[in-house]
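**Student:** below are the sequence and a predicted model for it; my questions follow.
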Amino acid sequence: MNILSLVVKEILHRKFSFALGVAATLIATASVIGAIVLLRTHDLRTAAILHAKEAELLERMDKLQDDTRKSMLKLGFNLVILPEDQNLADWYANDYSTKYMPESYAERLAESDIVSIRHILPSLQQKIPWPERKRTIILVGTRGEVPNAHLSPQKPMVQPVPSGNVILGYELHRSMDIGTGDRIRIMGKTFTVRDCYSERGNKDDITAWIDLKEAQELLGKPGRINAILALECLCTGNSLPAIREEVAAILPGTQVIEQESRAVARAEARTQVALEAQTTLQQEQQAREILRGERERMAQALVPVVFLACALWIALTGYGNVRSRREEIGILRAMGVSAKRIFMLFIWKHVFIGVPGGILGLVAGGAAGLLMAGGGADIPVDFFSPLSFWLAMAALAVAGATLLAVVAGWLPAMIASGQDPAEVLREE
Amino acid sequence: MLALENVTKSFNGPKGKVTALDGVSLTLRAGEMLVISGPSGCGKSTLLLTAAGMLRPDSGNVRLLEQYDPYRLPADERCRLRAGSVGFVFQQFHLIPYLTVLENILTPLLSRPGEDAQRRARALVDRLGLQERTDHVPAQLSTGERQRTALARALLHRPKIIFADEPTGNLDEENAGIVIEHLCNFVSAGGGVLLVTHHAKAAEHANRALKMKKGRIQKN
Ligand SMILES: Nc1ncnc2c1ncn2[C@@H]1O[C@H](COP(=O)(O)OP(=O)(O)OP(=O)(O)O)[C@@H](O)[C@H]1O
Ligand SMILES: [Mg+2]
């Protein structure tokens, strides 16, 4: 017979009052663990939701950008850089600029750190009468794209035309029955037909492309060009004013025109979709944050109340236990059991209440937190990891519940140990 | 073994001071049974508790087991004194309801470890005729069996002195006889018994019988 076996036997005798004490520690522990697990599960779920949405958004945007890039490549250059003094009315009427700028502008642009444009193509073009064939054509001198110095090399959209060669638009070779490999003369110079384009349905169909140098010679404009074609880069969501500003800083004395491009419209629509998706994502994030705030406030308001109520409950149960054991305490004291041991008898009982209360509270709190975080039995991937978190929770639950039970049982135990045995034993 | 000298004790009741002990003196020697009787409320229980070191008198001296004045000892020492040398038997047996007979008999171990306690407890069970009842809890016992269990508990640590307050008050004649008989055996073996009772047979066995009235011992 020792103190601990007496504690165990008394517990087995008064199971209901013991269960009440355990229930109170369970609820107190579960409220704390539940609040922690609720907020943690909320965070885990938020991370999972946002992660999934973000991945979806990224994938969508990637695909959109890729689509746009492809269609823009198909549609060709959509930016034209012209000398500043070129009258645009004339340019639209003539299809070519009558003002010129140095060919080196293309290099200067390519060597700058400009990011808003890609695929820089210097060109010299002019509508000329084709004396040998008695018709008007657009002669374009090109030397291929000048690679952007600071960007990773990209596959050029346009191949240069080797000198001595010419590429003919659909209408030219069709109407004059010219084929690849034929030799033709333009303004007294002989060219080999390198390629015959199929129908494009625009002025390309009456265009002849030759090497830039040769065009400069034929047109009497050595070292000069009258347009730089370029492709607007989509990557930064540039607007025309931004591009103009950037180009003007590098090439003073030029102007930039954005040619009507279905690709741009499409790109913009898609960018809009992406932006909306991003807004939705942010809204989701905000909604989750607000919900978290609500949950946090609820926990902050509820947990202390529940905790205190449970402490009071345990203390009252403990006091009830002391009252119902007055006779027992009296006889034990008469037998010479010290007040200290009587005190420990009740403290031990509360340890026995606290430990199972803590363990059950951990389980109940974990489950409650998970359920309250929404999603029912859908357990977030990281719910059970890391192990250290749950070890800490277990330690907190068991130590906290035991501490709660012992502290709440302190006063009843003091009352028990301070009880005068003579008083009890006289009551016959 | 026990000496009370001019002991007084009064309580504050609702109608003012109640004097429960009014200059009580008595002595009890080893191998002696002292019986105290008197009308209800005359102070018998108060005397017993005061003598046993559980109720501090207002004045006078108490000598328990010669060398001690229990009320000058620190509370812990007083406990140890009771744990080692004093046994109690009450009218209400004060058994612990959730312990079996055997476990109740062993409860003195909570105050003091005892060698051989199990064997002694078994021997007491045999002597008091409780062999068939060792695993019963108090609620399953007859009143006589309950008091015999309480008596066995008081005897476990081989006390030098037993304080008994109306131990036969709730018992029939036969069981009362058994309890008195065991107290007499204890006295024959050299123990001292201070017995509060109205039982006529007890007075016959007593070495001395004292009557109390209104907190005083009446000479006879
Ligand atoms: N704690 C107390 N507070 C107030 N009065 C008390 C207290 N204890 C005892 N008394 C009073 O002291 C007197 C003696 O009480 P005590 O219990 O010693 O009587 P008793 O002789 O044992 O009576 P009974 O034969 O009925 O058991 C009684 O009048 C009682 O009311
Ligand atoms: Mg009495």
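**Tutor:** Arrived safely. Ligands and ions are numbered 1, 2, ... in the order given.
**Student:** ok, now how distant is the spatially closest residue to B:Pro97 that is not a sequence neighbour from ligand 1?
**Tutor:** Closest residue to B:Pro97 apart from its sequence neighbours, by CB to CB, 6 or more residues apart in numbering or on different chains: B:Pro138 at 5.5 Å. For every residue, glycine as well, the C-beta is placed using N, CA and C. Distance, B:Pro138 to ligand 1, by CB to the nearest ligand atom, to the nearest Å: 22 Å.
**Student:** show me what residue of chain B gets nearest to chain A.
**Tutor:** B:Ala83 (2.7 Å; CB to the nearest CB).
**Student:** any idea how many residues pack against that residue?
**Tutor:** 21 (other CB atoms under 10 Å in any protein chain shown).
**Student:** hang on, it packs against A:Met335?
**Tutor:** Yes: between B:Ala83 and A:Met335 there is a contact at 6.5 Å, judged by CB atoms under 8 Å.
**Student:** between those two, which contacts overlap?
**Tutor:** By CB atoms under 8 Å, 6 or more residues apart in numbering or on different chains, B:Ala83 and A:Met335 have these common neighbours: B:108, B:111.
**Student:** center of chain B - which residue?
**Tutor:** B:Phe163 (1.9 Å; CA atoms, centre = their mean).
**Student:** pull the contacting residues for that residue.
**Tutor:** Shown in contact with B:Phe163 (CB under 8 Å, 6+ apart): B:48, B:51-52, B:86-89, B:193-194.
**Student:** who in chain B is up against ligand 1?
**Tutor:** Counting by CB under 6 Å from any ligand atom, chain B comes close to ligand 1 at B:11, B:13, B:18, B:20, B:40-46.
**Student:** quick check: mean pLDDT of the biggest helix by length in chain B?
**Tutor:** Identified as the longest helix of chain B according to DSSP state H is helix B:173-188. Here helix B:173-188 scores 92 as its mean pLDDT.
**Student:** how about the contacts of B:Phe163, which pair is most distant?
**Tutor:** The most widely separated members of these, counting by CB to CB, are B:Ala51 and B:Val89 (14.2 Å).
**Student:** residue in the stretch 51-200 of chain A with the shortest distance to ligand 1?
**Tutor:** Of all residues in the stretch 51-200 of chain A, the one sitting closest to ligand 1 is A:His51 (73.7 Å; CB to the nearest ligand atom).
**Student:** what is the burial count for that residue?
**Tutor:** Neighbour tally, A:His51, other CB under 10 Å: 10.
**Student:** B:Thr134 too?
**Tutor:** The burial count for B:Thr134: 16, using other CB under 10 Å.
**Student:** so how far is A:Pro122 from the nearest residue to A:Gln259 once chain neighbours are set aside?
**Tutor:** Spatial nearest neighbour of A:Gln259, chain neighbours left out: A:Asn78 (5.1 Å); criterion: CB to CB, 6+ apart. The gap separating A:Asn78 from A:Pro122 is 16 Å, by CB to CB, to the nearest Å.
**Student:** quick one on the thing from earlier: which among the residues of chain B next to ligand 1 end up buried?
**Tutor:** Neighbour-count burial (16 or more other CB atoms under 10 Å in any protein chain shown) applied to the residues of chain B next to ligand 1 gives B:20, B:42-46.
**Student:** quick one: contacts for the spatially closest residue to the residue of chain B closest to chain A that is not a sequence neighbour?
**Tutor:** Distances taken as CB to CB, 6+ apart put A:Gly336 closest to B:Ala83, at 2.7 Å, once the chain neighbours are dropped. By CB under 8 Å, 6+ apart, the contact list for A:Gly336 reads B:79-84, B:86, B:108, B:111-112.
**Student:** tell me the secondary structure at A:Gly336.
**Tutor:** Secondary structure for A:Gly336, judged by DSSP: H, G, I helix; E, B strand; the rest coil, is coil.
**Student:** and if you look at A:Pro380?
**Tutor:** Going by three-state DSSP: A:Pro380 is coil.
**Student:** cool, A:Val256 as well?
**Tutor:** Quick answer, by three-state DSSP: A:Val256 is strand.
**Student:** just to revisit the earlier point, which one of the buried ones among the residues of chain B next to ligand 1 is nearest B:Arg146?
**Tutor:** The closest of these, once distances to B:Arg146 are taken by CB to CB, is B:Ser45, at 19.3 Å.
**Student:** what's the helix or strand for that closest one?
**Tutor:** helix B:44-51 (DSSP states H and E).
**Student:** list the buried residues of stretch A:273-280.
**Tutor:** So, applying 16+ other CB under 10 Å, buried residues of stretch A:273-280: A:274, A:277.
**Student:** distance from it to the middle of the chain?
**Tutor:** How far stretch A:273-280 lies from its chain's middle: 11 Å, per CA atoms, centre = their mean, to the nearest Å.
**Student:** same check, this time on stretch A:412-422
**Tutor:** 64 Å.
**Student:** is chain B contacted by it?
**Tutor:** Yes: counting by CB under 8 Å from any CB of the partner chain, chain B has neighbours in stretch A:412-422: A:421-422.
**Student:** between the two ends of that stretch, what distance do you get?
**Tutor:** 19 Å (CA to CA, to the nearest Å).
**Student:** ok, B:Glu145 - contacts?
**Tutor:** Contacts of B:Glu145 by CB under 8 Å, 6+ apart are B:101, B:130, B:133, B:136.
**Student:** secondary structure element for the closest residue to ligand 1 within the stretch 251-400 of chain A?
**Tutor:** Closest residue of the stretch 251-400 of chain A to ligand 1, CB to the nearest ligand atom: A:Gly330 (13.0 Å). Here A:Gly330, judged by DSSP H and E, is contained in helix A:326-334.
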